[in-house]
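Q: Give me the fold of what follows.
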Amino acid sequence: MLDVAVAKNFILYLTPKLYAMTTLGVILLILTVLILILDPILEKWKGFDIIKDSKKWMLIGLMIFGLMLIFNPFTRTPAGYRTFVETINGNEKMFFNPGYHFSGFFSKTTDYPDVITTVFSQNEEDKATSSHPAFTIRFNDATKATAQATIRWSLPNDEDKMIQIHKAYRGPERLAKNSLVPYSRECLKFAAQLMESETHYSGGRSKLKEDFRDQLQNGQYVLEYKTEYVRDTLSNEREKITTSFIRIGKDGLASRIKSDIQQYSINVDFAAIDEVDYEEQVDRKLAQKIEQSTLESVSKQALITAQQEALTEKARGEQMLAKVKAEQEADKLQAVIQAEKAKEVAQQEALQAKYIADKIAEEGRAQAEANKALVSAGLTPEQRMNMDIEIADKVSSNMAKIKFPEIMIFGAGDGNSPTNPFDAVGLEAYRKIVDSMKGGQ
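A: Numbers count the residues shown, from 1 in each chain. As a prediction, this is how the structure comes out:
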């Protein structure tokens, strides 16, 4: 049974031939036959002569020309096609260039498209040379899926190869039906056997397409199978695991099964796996994996967030600790500065007090010398009393002028720093002067 698309293409090709050459030949043949039949009848009945007997050879010529048009010796090759011609004496040849070619009388022609498109789809493709429904493939883990694919085949431009193809298949529809379509199915099924369904939906689509195209062009892989028994760690039961792999030849290359595709040099211009629809159990497994992956992603994100928050809190604590430490260091430094400042102020005040005390002592010694002189000269009791009163007033007023330091630092008795407060401010010397003044009296 011819494919609908192939039949449409074939009719489209025949249409210009029928209406251009064959139809014209048929019309001429019918006209000449009618004239030859009606001419004697009309001549006897009406006395009307359609054509003179001396010119009837022209009708014979038109009849022969009409027969030539009907059995057209020319063939037309449309663009995008090549034409196989089998002549009346059995010669075979191919026309690859578009246009009209002389094929000979009573020759048989067959058109082949330059590119044959085979489609496996749930929906019928009008533009495909050969359209077929999607088919079932089985992965290495025994799960199944329905696959849709599109392949474009480029026929060889070699005349001998094309003649061999025509002898083997007698037309493009048989070539597609008996070779290209089953070969495409087998290649995709073999490619699916090299992976598990989980590998495919986890990113193995490109690998499946690569294996599929490689087998289409270079031949099917020879597969080997290895069976192993492993013990399940949970149930402690033995499980049978069968794996498939490509057989490698002595030359280190993959072993292949050659087909007509390689024999006739048919090239694969394009190959695509349009869709892979998994069976229900694979879809459930995929949904569970997606859900698990989503939960893991959410948990991982929550963990990252918690870790980030912990690091943030740690950084904040370190920042606060550093701030407190800095404040304490600042307070400590400020206290040291204030202590040093207070020390310097106390030292200055002590020096100033000593200076005043020394001044008072000096003044007291001078007064004592003066009083001594007066006493030596002889004083009356009234003068002595007034002098004592004056000395007491002088001492009191000078003592009131002394500004004692708020902080006084004393040494350890090494001679560099006074240990007696009176010595520190010079009062001890002043007191001795006063006592000596009284003793001198």
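
Q: So residue 140 is in contact with residue 194, correct?
A: Yes: judged on CB atoms under 8 Å, residue 140 makes contact with residue 194 at a distance of 6.7 Å. C-beta coordinates here come from the backbone N, C-alpha and C atoms, glycine included.

Q: Tell me the residues that contact both of these two, please.
A: Counting by CB atoms under 8 Å, 6 or more residues apart in numbering, the residues touching both residue 140 and residue 194 are residue 244.

Q: Give me the spatial nearest neighbour of residue 266, chain neighbours excluded.
A: Spatial nearest neighbour of residue 266, excluding adjacent residues (CB to CB, 6 or more residues apart in numbering): residue 153 at 5.4 Å.

Q: Show me what that neighbour bridges to in the sheet.
A: residue 116, residue 268 (DSSP bridges).

Q: Pull up the gap between it and residue 341, please.
A: Using CB to CB, to the nearest Å, residue 153 is found at 101 Å from residue 341.

Q: neighbours of residue 188, just the number please.
A: 25 (other CB atoms under 10 Å).

Q: That one: helix or strand, and which one exactly?
A: helix 181-192 (DSSP states H and E).

Q: And the residue nearest to residue 266, how far from residue 265?
A: 11 Å.

Q: hmm, back to that, can you pick out the residue with more neighbours from residue 153 and residue 341?
A: Set residue 153 next to residue 341 and count neighbours by other CB under 10 Å: residue 153 wins out with 26 against 10.

Q: quick one, helices of the protein?
A: Remark: helices assigned in the chain by DSSP state H are 4-17, 23-45, 56-70, 159-169, 172-175, 181-192, 197-199, 205-218, 260-263, 280-377, 381-401, 421-425, 427-440.

Q: what number of residues lie near residue 135?
A: 15.

Q: swap in residue 112?
A: Residue 112: 20 neighbours (other CB under 10 Å).

Q: wait, doesn't it sit right on residue 80?
A: No: counting by CB under 8 Å, residue 112 stays clear of residue 80, with 10.3 Å between them.

Q: re the thing from before, could I get the helices of the chain in TSV, plus columns for distance to residue 270 and mean pLDDT?
A: What follows is those, written out as TSV (distance: least, CB to CB, whole Å; pLDDT from 0 to 100):
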stretch	distance to residue 270	mean pLDDT
helix 4-17	17	43
helix 23-45	39	76
helix 56-70	41	74
helix 159-169	20	95
helix 172-175	18	94
helix 181-192	12	93
helix 197-199	25	83
helix 205-218	9	92
helix 260-263	14	92
helix 280-377	28	77
helix 381-401	117	68
helix 421-425	111	52
helix 427-440	119	54
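
Q: Of those helices, which is nearest residue 98?
A: Distance to residue 98, taken as CB to CB, is lowest for helix 4-17 among the helices of the chain, at 11.6 Å.

Q: Now stretch 97-104: buried residues?
A: 101, 103-104 (16 or more other CB atoms under 10 Å).

Q: Can you list which of those residues are found in strands?
A: The members of the buried residues of stretch 97-104 that map onto strands under DSSP state E are residue 101.

Q: Tabulate the buried residues of stretch 97-104 (a markdown table), appending distance to residue 222.
A: A markdown table is the format used below for those (distance: CB to CB, whole Å):
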| residue | distance to residue 222 |
| --- | --- |
| 101 | 44 |
| 103 | 44 |
| 104 | 47 |
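
Q: For the buried residues of stretch 97-104, give me JSON lines that also has pLDDT and distance to residue 337.
A: Formatted as JSON lines, these follow (pLDDT from 0 to 100; distance: CB to CB, whole Å):
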{"residue": "101", "pLDDT": "90", "distance to residue 337": "114"}
{"residue": "103", "pLDDT": "86", "distance to residue 337": "118"}
{"residue": "104", "pLDDT": "84", "distance to residue 337": "122"}
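
Q: Out of the buried residues of stretch 97-104, which comes closest to residue 270?
A: When the buried residues of stretch 97-104 are compared against residue 270 (criterion: CB to CB), the nearest one is residue 101, at 29.8 Å.

Q: that older thread, give me the distance from the helix holding residue 188 to the chain's centre.
A: 31 Å (CA atoms, centre = their mean, to the nearest Å).

Q: Check stretch 28-39 too.
A: On CA atoms, centre = their mean, the centre of stretch 28-39 falls 79 Å from that of its chain.

Q: number of nearby residues for residue 246?
A: For residue 246, using other CB under 10 Å, the count is 15.

Q: hang on, isn't it packed against residue 225?
A: No: taking CB under 8 Å as the definition, residue 246 is not a contact partner of residue 225, at 11.3 Å.

Q: What distance do you get for residue 105 to residue 320?
A: Residue 105 is 108 Å from residue 320, by CB to CB.

Q: same deal with residue 301?
A: Counting by CB to CB - residue 301 and residue 320 are separated by 28 Å.

Q: And for residue 176, the neighbour number?
A: Neighbours around residue 176, by other CB under 10 Å: 26.

Q: Now do the domain split for the chain, please.
A: 114-278, 345-440 (automatic domain parsing).

Q: quick one, which of those domains is nearest to residue 94?
A: domain 114-278 (4.6 Å).

Q: how much distance is there from the closest one to the middle of the chain?
A: The answer for domain 114-278 is 29 Å, by CA atoms, centre = their mean.

Q: Out of the helices of the chain, which gets nearest to residue 135?
A: Of these, nearest to residue 135 by CB to CB is helix 181-192, at 5.6 Å.

Q: Summarise which helices and strands that closest one is packed against.
A: When contacts are defined as 3 or more CB pairs under 8 Å, 6 or more residues apart in numbering; DSSP states H and E, helix 181-192 sits against strand 115-120, strand 135-138, strand 144-154, helix 205-218, strand 220-221.

Q: JSON lines for these, including distance to residue 236?
A: Shown next, in JSON lines, are the helices and strands packed on helix 181-192 (distance: least, CB to CB, whole Å):
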{"stretch": "strand 115-120", "distance to residue 236": "45"}
{"stretch": "strand 135-138", "distance to residue 236": "30"}
{"stretch": "strand 144-154", "distance to residue 236": "30"}
{"stretch": "helix 205-218", "distance to residue 236": "35"}
{"stretch": "strand 220-221", "distance to residue 236": "37"}
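
Q: Fine, thanks again, bye for now.
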